[in-house]
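Novice: show me the folded form of this:
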Amino acid sequence: MKLEILDAFGTLPEHLEGKFDIVHIRAFTIVVKGGHPGVLLDNLITMLKPGGYLQWDEMDSASFSTHSPNEFTPKVNMELLIDRFQDMCKKSDLDFGMTDQDPPDYKMDLQFSRDM
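Specialist: Modelled structure (predicted):
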C-alpha cells in the first residue's frame, strides 16, 4: 500500500486516472465552498474505472436535532451548541445544506442515493 497526499481540487496525477472500482469520500462538504463541487467531482469520477462507483457520505447538519445527554445538561445548551456550529459554517461559506438538495445536472450518467 502506498499513501499519498492529493489536492482534491488540483490536477489529478495520471497514475490515478481510471484505477479504482470504488472511490469513497466522507465529510467533504467542509471543503466545498459555496456548494460548488464541480472540480472535485471531475477528479473523483476520473479516478474511477468504467462502471465504477463513487460513494460520498455526508452529515446533514441542517436537520440536526438535539437531546439532553443527561439530567444535568439542559436541552437549551445543546441547541445553542448546534446553532453556534451552523453559524460558524455559514460564516466560513460552508454549505452543509447541499446534502438535502437534488444533485446538480452533471455530464455523466450518475445515480444518487440518500439511503444507507
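Novice: can we go C-alpha only for contacts and neighbour counts from here?
Specialist: Fine.
Novice: how many neighbours does the residue lying closest to residue 45 once chain neighbours are set aside have?
Specialist: Ranked by Cα to Cα, 6 or more residues apart in numbering and with sequence neighbours excluded, the top spatial neighbour of residue 45 is residue 54, at 7.1 Å. Residues lying near residue 54 (other Cα atoms under 10 Å) number 20.
Novice: over to residue 86?
Specialist: By other Cα under 10 Å, the residues close to residue 86 number 18.
Novice: again with the one 5 residues further on
Specialist: Per other Cα under 10 Å, the neighbour tally for residue 91 reads 8.
Novice: distance of it from residue 31?
Specialist: Distance, residue 91 to residue 31, by Cα to Cα, to the nearest Å: 14 Å.
Novice: which residues touch the longest strand along the chain?
Specialist: Longest strand in the chain by number of residues (criterion: DSSP state E): strand 48-57. Here strand 48-57 makes contact (Cα atoms under 8 Å, 6 or more residues apart in numbering) with 17-27, 44-45.
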